[in-house]
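K.L.:
Following is a predicted model, sequence given first.
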Number of protein chains: 4
Amino acid sequence: MTDAQTTLQELKERMAQFVRERDWEQYHTPKNLSMSIAIEAAELMEHFQWLTVEQSKNLSPEALQDIGEELADIVIYSLSLSNFLGLDLSEVVLAKMEKNIRKYPKDKVRGKAHKYTYYQDRNQESGDRGQDKSEP
Amino acid sequence: MTDAQTTLQELKERMAQFVRERDWEQYHTPKNLSMSIAIEAAELMEHFQWLTVEQSKNLSPEALQDIGEELADIVIYSLSLSNFLGLDLSEVVLAKMEKNIRKYPKDKVRGKAHKYTYYQDRNQESGDRGQDKSEP
Amino acid sequence: MTDAQTTLQELKERMAQFVRERDWEQYHTPKNLSMSIAIEAAELMEHFQWLTVEQSKNLSPEALQDIGEELADIVIYSLSLSNFLGLDLSEVVLAKMEKNIRKYPKDKVRGKAHKYTYYQDRNQESGDRGQDKSEP
Amino acid sequence: MTDAQTTLQELKERMAQFVRERDWEQYHTPKNLSMSIAIEAAELMEHFQWLTVEQSKNLSPEALQDIGEELADIVIYSLSLSNFLGLDLSEVVLAKMEKNIRKYPKDKVRGKAHKYTYYQDRNQESGDRGQDKSEP
């Protein structure tokens, strides 16, 4: 399991070297990289576009391979943006997780999809109607 | 520097626990998570939407703080998708980096933005006209 | 029904006036507008992020109102981009529709979602396996 | 100029026929179509990803052709979503334009890019610092 041994710092350094060796810092500006991440995110979505939510849980090995590559692209550009901005990525991720833990107390949001007002059969969950911006 | 000590595995486990404790596995399906990543990527882009590329390189501390949070959201959903799919994220990232190293040989692409046909002043770089899909 | 009486030209002119009166042509460049459209598209998606495909077909009047506004934003920026580029939007739309009619012959693609290789239960549709890029 | 003669209604009807003849209403659900619009928006962005804002204003005829097709895809899916939801698209567009006219009074926002706090050289525009969410 590579994930158990690989730090964000190692990945960031590899990406920095890749960009530096190609003299691509001039293109890897924050504005451009934000577009790149969004473009790769759309390529990831493309795999799921016409599937039901259920079908998306049951992928072929070939699909999984392609999807892994798209996800890699998203992470790669995120690493490059962190490099450009001098961001400690783990730090902001851990801080955001803490914020989410406080924002969505487990006893209060368990099993709930929210945005209840957004579909008509909300009657069954009438108690939660006011709460509309939390997110699974 | 947290990045120097934090493995992808640690982040993935924290995210898995967050989702499990809220019984949110039912929402964190691949189709939905691909949408979530794209939505967060757009929120990141929103910060750069009206800036010039140059301005995007010169951000205030407050902007940097907000941008870090948006980037964190992208990574958080990417971790959750990796968890759902059983993906070793570092492995796919490192493999994609190797693929990019071969695809964009540093001596050939150095300093070039490609997609040359896409703007009129391409005359100066006429030798590269055929090469249109490489990426900084 | 306003749609029966409103031409694309009328909408484009109104948008051009809005931009001109605010001296916003300087921001409404193609690069920026492409980001704006993507950002608004993500805001539209946000309404459907945690819904099942079925739930997304059964929206409350309030949701429908919000969704209409997001869709309006996408169209508004598309009009502005057409203005900047001097594009006859109906013309490109009609041309693309013709192209799609030829690309997806109705007798061949009827009722099929394609990208069959992308989920495991593709066995039932084995005859179509090679065809993977068509789109409903 | 086709735009001067073509109503939204005509385009919507053509699209409805295209979908109906392929029995694709089952895929053209709001959730899926919101993804489709976002995917096409990203394909549009891809053309501008590595360009400066200036370069994006100076496109080759070939680029313009491709960009027109991507924009057409965005409009096509927007028409299909309007059809599914029974939305009068011109009506929501005109209403949103009116809302924007009130939200961004021309005498107040003329020539301003806003989000001033988001780049360091904001000092010169210090009077506008509080105003951060308006949009060109």
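P.N.:
Nice, thanks for sending it over.

K.L.:
how about stretch A:54-63: buried residues?
P.N.:
Buried residues in stretch A:54-63, defined by neighbour count with 16 or more other CB atoms under 10 Å in any protein chain shown: A:55, A:56, A:59, A:63. In short, each C-beta sits where N, CA and C put it, glycine included.

K.L.:
any idea which element the last one lies in?
P.N.:
So the one you mean is residue A:63. helix A:61-85 (DSSP states H and E).

K.L.:
Now do that helix against helix B:61-85: the angle between them, please.
P.N.:
Per axes from the mean of the first three to the mean of the last three CA atoms, to 10 degrees, the angle that helix A:61-85 makes with helix B:61-85 is 160 degrees.

K.L.:
Return the next helix or strand after helix A:61-85 as CSV; C-alpha atoms alone will do.
P.N.:
Per DSSP H and E, the first helix or strand lying C-terminal to helix A:61-85 is helix A:89-103. C-alpha atoms of helix A:89-103 as CSV (Å, rounded to 0.1, in the frame of the first residue of the first chain):
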residue,chain,number,x,y,z
LEU,A,89,-1.9,20.9,2.0
SER,A,90,-2.3,18.4,4.9
GLU,A,91,-2.6,21.2,7.3
VAL,A,92,-5.5,22.9,5.4
VAL,A,93,-7.1,19.5,4.8
LEU,A,94,-6.9,18.5,8.5
ALA,A,95,-8.2,22.0,9.5
LYS,A,96,-11.2,21.7,7.1
MET,A,97,-12.0,18.2,8.4
GLU,A,98,-12.1,19.6,12.0
LYS,A,99,-14.3,22.4,10.8
ASN,A,100,-16.7,19.9,9.2
ILE,A,101,-16.7,17.7,12.3
ARG,A,102,-18.0,20.7,14.2
LYS,A,103,-20.4,21.9,11.5
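
K.L.:
Distance check, residue A:11 against chain C.
P.N.:
As judged by CB to the nearest CB, to the nearest Å, residue A:11 and chain C stand 26 Å apart.

K.L.:
List the residues that contact that residue.
P.N.:
A:75, A:79, B:90, B:93, B:94 (CB atoms under 8 Å, 6 or more residues apart in numbering or on different chains).

K.L.:
Check residue A:44 too.
P.N.:
For residue A:44, the contacting residues are A:67, A:70, A:71, A:74, B:34, B:37, B:38, by CB under 8 Å, 6+ apart.

K.L.:
Please tell me I have it right and the first one contacts residue A:60.
P.N.:
No: with contact defined as CB atoms under 8 Å, residue A:67 does not reach residue A:60; the gap is 10.2 Å.

K.L.:
rewinding a little: among the contacts of residue A:44, which ones are buried?
P.N.:
Using 16+ other CB under 10 Å, the buried members of those are A:67, A:70, A:71, A:74, B:34, B:37, B:38.

K.L.:
hang on, isn't the third one packed against residue B:80?
P.N.:
So the one you mean is residue A:71. No: using CB under 8 Å, residue A:71 is not in contact with residue B:80; the gap is 11.0 Å.

K.L.:
and which of the contacts of residue A:11 is nearest to chain C?
P.N.:
residue A:75 (19.1 Å; CB to the nearest CB).

K.L.:
ok so, going back, as TSV, the buried ones among the contacts of residue A:44 with distance to chain C would be great.
P.N.:
Output for the buried ones among the contacts of residue A:44, formatted as TSV (distance: CB to the nearest CB, whole Å):
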residue	distance to chain C
A:67	9
A:70	12
A:71	15
A:74	14
B:34	10
B:37	10
B:38	6
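
K.L.:
Name the residues of the lowest-mean-pLDDT helix or strand in chain A that are buried.
P.N.:
One helix or strand of chain A scores below all others by mean pLDDT, DSSP states H and E: helix A:106-109, with a mean of 89. Of the residues in helix A:106-109, residue A:109 count as buried by neighbour count, 16+ other CB under 10 Å.

K.L.:
quick one: that helix to chain centroid distance?
P.N.:
23 Å (CA atoms, centre = their mean, to the nearest Å).

K.L.:
what about it and chain B, any contact?
P.N.:
Yes: using CB under 8 Å from any CB of the partner chain, helix A:106-109 reaches chain B at A:106, A:109.

K.L.:
likewise stretch A:59-68?
P.N.:
Yes: using CB under 8 Å from any CB, stretch A:59-68 reaches chain B at A:59, A:64, A:67, A:68.

K.L.:
Can you tell me how far the second one is from residue B:75?
P.N.:
In this case it means residue A:64. Per CB to CB, to the nearest Å, residue A:64 is found 20 Å from residue B:75.

K.L.:
Have a look at those two and say which one is more surrounded.
P.N.:
A direct count of neighbours by other CB atoms under 10 Å in any protein chain shown for residue A:64 and residue B:75 places residue B:75 higher, at 26 against 17.

K.L.:
and that one, what does it touch?
P.N.:
A:75, A:78, A:89, A:93, B:11.

K.L.:
now it: how far from residue B:44?
P.N.:
11 Å.

K.L.:
One more: residue A:103?
P.N.:
Relative to residue B:44, and taking CB to CB, residue A:103 is found at 19 Å.

K.L.:
now do residue A:6
P.N.:
24 Å.

K.L.:
try residue A:38
P.N.:
7 Å.

K.L.:
list the residues that contact both of these two?
P.N.:
Counting by CB under 8 Å, 6+ apart, residue A:38 and residue B:44 have no shared contacts at all.

K.L.:
what's around the residue of chain A found nearest chain D, how many residues?
P.N.:
Nearest to chain D in chain A, going by CB to the nearest CB, is residue A:42, at a distance of 3.2 Å. By the criterion of other CB under 10 Å, residue A:42 has 28 neighbours.

K.L.:
contacting residues for it?
P.N.:
Applying CB under 8 Å, 6+ apart to residue A:42 gives the contacts B:38, C:38, D:38, D:39, D:41, D:42, D:43.

K.L.:
And the pLDDT at the fourth one?
P.N.:
In other words, residue D:39. Note on residue D:39: pLDDT of 98.

K.L.:
Excluding chain neighbours, give the residue nearest to it in space.
P.N.:
Closest residue to residue D:39 apart from its sequence neighbours, by CB to CB, 6 or more residues apart in numbering or on different chains: residue A:42 at 4.7 Å.

K.L.:
Which pLDDT value belongs to the one you found?
P.N.:
For residue A:42, the predicted pLDDT is 98.

K.L.:
so where does it fall, helix or strand?
P.N.:
helix A:30-46.

K.L.:
Helix D:30-46 and that helix, what's the angle between them?
P.N.:
Here helix A:30-46 runs at an angle of 140 degrees relative to helix D:30-46 (the same axes, to 10 degrees).

K.L.:
starting at the chain centroid, how far to the helix holding residue A:63?
P.N.:
Counting by CA atoms, centre = their mean, helix A:61-85 is centred 10 Å from the centre of its parent chain.

K.L.:
next one: stretch A:10-17
P.N.:
Counting by CA atoms, centre = their mean, stretch A:10-17 comes out at 19 Å from the chain centroid.

K.L.:
among the contacts of residue A:44, which are within reach of chain D?
P.N.:
Counting by CB under 8 Å from any CB, residue B:38 from the contacts of residue A:44 sit close to chain D.

K.L.:
Serialize the contacts of residue A:44 to JSON lines and add fields for distance to residue C:84.
P.N.:
As requested, the contacts of residue A:44 are arranged in JSON lines below (distance: CB to CB, whole Å):
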{"residue": "A:67", "distance to residue C:84": "35"}
{"residue": "A:70", "distance to residue C:84": "31"}
{"residue": "A:71", "distance to residue C:84": "34"}
{"residue": "A:74", "distance to residue C:84": "29"}
{"residue": "B:34", "distance to residue C:84": "31"}
{"residue": "B:37", "distance to residue C:84": "29"}
{"residue": "B:38", "distance to residue C:84": "25"}
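
K.L.:
what's the first-to-last distance across stretch A:54-67?
P.N.:
16 Å (CA to CA, to the nearest Å).
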